[in-house]
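[1] Provide a 3D model corresponding to the input given below.
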Amino acid sequence: MCTERLKMIDLFSGAGGLSEGLSEAGFHSLFASEIVPEYAATYQLNHPTSFVLTQDIREVDAERVRENFGIKRGELDLIAGGPPCQGFSINAPIRSANDQRNHLFREFLRFVDVFAPRAILIENVPGLVSFEQGATLHAILDALADLGYGADVRILGAAYYGVPQMRWRTVILGLRGEDLPKHAFPEPICHAPIKPNFTTTFDGTPLVKIPSHEAVAPFTTVEQAIDDLPVLLAGERGTQVKEYRCKATCAYQRRARLGSSGVYNHEAPRLSPANLERLKYIQPGGNWTDIPKDLLPKGMQRARTSDHTKRYGRVTKDGLASTILTKCDPHWGAYFHYNQDRSFTVREAARIQSFPDHFVFTGNQAQQFAQVGNAVPPILAESVGLALKSILQ
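    Numbering: from 1, shown residues only. All right, here's what the predicted structure looks like:
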């Protein structure tokens, strides 16, 4: 088998979670396009051999990019990215030249047309499948077919691949000039207590990859993901680079530490006095219903106990984390540490997303959380990349 690294470009790259995982699978990112400066700075710091362009993709000349890298049409192995897809269908509620979402996905197609890569990879939210009763997804697959790509779609549960959270992603893969084989999507390797709460079929075809009986590995727990990181108080910052609390206790921690010189981005967010008081009443696995009513925000005092079940939640150490969002704000979900009276740090959120510790996030703390929450879990991306590489090679 050829061991030369496959060449790719990453559009709508964000901080680089997708590229990080694909890099582990054997792809090398030549070029990345990202409009948010802080995201682009993080990508460049962690992918120093890539050329990162911080510019509106609608203003980027794809032909010039191709020529600058000396790549002939059809030579590039992969174009990957997470372009906004909702609104692409001609059946969108607002069919307007000002529909920015529509234009942005067309930019992805424009690069595909110019480069004619051997393969394409698109990631998006599970809701893409049911958006406009499936018309948007149909339009995407038809547009790829018009460009000569046999494409298919699956919904992958990150926990099935070793990521310690309840996260799902829609993945579209396509090959130039041929149908996509069924084994192009990676088989789950872990059993995990996750259930889809979204549409799971498309034109009668089941989309969710479920672990087989041969997949015997247990899922990765929150404790396995973060328990070796330094103990902090709420609001504690400490040194920029911290030492690990203990030796790595499991394979997940050992993997996370590879190439790392210490613990970066590990500073505890401040909590208000009200939230610190509320936290005293919440046990692991508990949520806002554990808090005395008079300590709750006024709006939540009127809520039913069956509502907002993750809000003000404290994770259990032997379970999965909630989906990491762009804010680990306890008002949004279960982001309280299982045995420390504080919410997650950026590094803990990154560990739960499966970023390695050598991956450092730039910008202020709010920007770092947003970068982590918007990213594709690298371990999930690696699994997809390995399956795709086996076909390309």
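[2] low pLDDT regions in the stretch 1-150 of the chain?
    For the stretch 1-150 of the chain, the stretches with pLDDT under 70 are 1-3, 86-102.
[3] Please apply the same query to the stretch 251-393 of the chain.
    For the stretch 251-393 of the chain, no range has pLDDT under 70.
[4] Strands along the stretch 51-200 of the chain, start to end?
    Assigned strands in the stretch 51-200 of the chain, in chain order: 51-53, 78-81, 119-124, 149-157, 168-176, 190-191 (criterion: DSSP state E, counting those that start in this stretch).
[5] helices or strands next to the second one in the packing?
    Using 3 or more Cβ pairs under 8 Å, 6 or more residues apart in numbering; DSSP states H and E, the elements in contact with strand 78-81 are strand 6-11, helix 17-25, helix 100-115, strand 119-124. For every residue, glycine as well, the C-beta is placed using N, CA and C.
[6] Please identify which of the ones you listed is closest to Arg342.
    Closest approach to Arg342 among the helices and strands packed on strand 78-81 is made by helix 17-25 (24.5 Å; Cβ to Cβ).
[7] Deepest-packed of the strands of the stretch 51-200 of the chain, please.
    Stretch with highest mean neighbour count among the strands of the stretch 51-200 of the chain: strand 78-81 (a mean of 26; mean count of other Cβ atoms under 10 Å).
[8] Show me what that one pairs with in its sheet, parallel or antiparallel.
    strand 6-11 (parallel), strand 119-124 (parallel) (DSSP bridges).
[9] Return the distance of the last one from the chain's centre.
    In this view, strand 119-124 has its centroid 13 Å away from the chain centroid, taken as Cα atoms, centre = their mean, to the nearest Å.
[10] then it to CSV, C-alphas only?
    In CSV, the C-alpha atoms belonging to strand 119-124 read as follows (Å, rounded to 0.1, in the frame of the first residue of the first chain):
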residue,chain,number,x,y,z
ALA,A,119,-13.0,12.6,-3.2
ILE,A,120,-15.1,15.1,-1.2
LEU,A,121,-16.1,15.1,2.4
ILE,A,122,-18.9,17.3,3.8
GLU,A,123,-20.0,17.4,7.5
ASN,A,124,-23.1,19.0,8.9
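[11] Contacts made by that strand with the rest, please.
    Strand 119-124 has contacts (Cβ atoms under 8 Å, 6 or more residues apart in numbering) with 18, 22, 77-83, 85, 108, 112, 140, 144, 149, 151, 169-176, 376, 384, 388, 391-392.
[12] With the first one instead?
    Judged by Cβ under 8 Å, 6+ apart, the contacts made with strand 6-11 from elsewhere in the structure are 16, 18-19, 22, 26-33, 50, 57, 65, 71, 75-81, 83, 107-108, 111, 115, 117, 389, 392-393.
[13] quick one on the thing from earlier: closest to Asn364 out of the strands of the stretch 51-200 of the chain?
    Smallest distance to Asn364 across the strands of the stretch 51-200 of the chain (Cβ to Cβ): 19.7 Å, for strand 51-53.
[14] would you turn the strands of the stretch 51-200 of the chain into CSV with distance to Asp290?
    As requested, the strands of the stretch 51-200 of the chain are exported to CSV (distance: least, Cβ to Cβ, whole Å):
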stretch, distance to Asp290
strand 51-53, 45
strand 78-81, 42
strand 119-124, 35
strand 149-157, 28
strand 168-176, 28
strand 190-191, 29
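[15] for those, which one sits closest to Ser322?
    The nearest among the strands of the stretch 51-200 of the chain, by Cβ to Cβ, is strand 168-176 at 12.4 Å.
[16] count of residues packed around Asn339?
    Counted with other Cβ atoms under 10 Å, the neighbours of Asn339 add up to 12.
[17] That one and Thr316 touch, don't they?
    No: with contact defined as Cβ atoms under 8 Å, Asn339 and Thr316 do not form a contacting pair (10.3 Å).
[18] so what sits against both of those two?
    In contact with both Asn339 and Thr316: Pro284, using Cβ under 8 Å, 6+ apart.
[19] which residues does Asn265 contact?
    Going by Cβ under 8 Å, 6+ apart, Asn265 touches Thr345, Val346, Arg347, Ala350, Val360, Phe361, Gln368.
[20] One more pass at 6 Å, please.
    Val346, Arg347, Phe361, Gln368 (Cβ atoms under 6 Å, 6 or more residues apart in numbering).
[21] Tabulate those (CSV), appending secondary structure and neighbour count.
    Output for these, formatted as CSV (DSSP: H, G, I helix; E, B strand; the rest coil; neighbours: other Cβ atoms under 10 Å):
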residue, secondary structure, neighbour count
Val346, helix, 26
Arg347, helix, 25
Phe361, coil, 27
Gln368, helix, 24
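[22] Closest one to Thr249 out of those residues, please.
    Taking Cβ to Cβ as the measure, Thr249 lies nearest Arg347 of the contacts of Asn265, at 16.8 Å.
[23] so what's that closest one closest to, chain neighbours aside?
    Sequence neighbours aside, His266 is the residue nearest to Arg347 in space, at 4.0 Å (criterion: Cβ to Cβ, 6 or more residues apart in numbering).
[24] re earlier: put the buried members of the contacts of strand 6-11 into a PyMOL selection.
    Selection command for PyMOL covering only the buried members of the contacts of strand 6-11, criterion 16 or more other Cβ atoms under 10 Å:
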select buried, resi 16+18+19+22+26+27+28+29+30+31+32+33+50+57+65+71+76+77+78+79+80+81+83+107+108+111+115+117+389+392
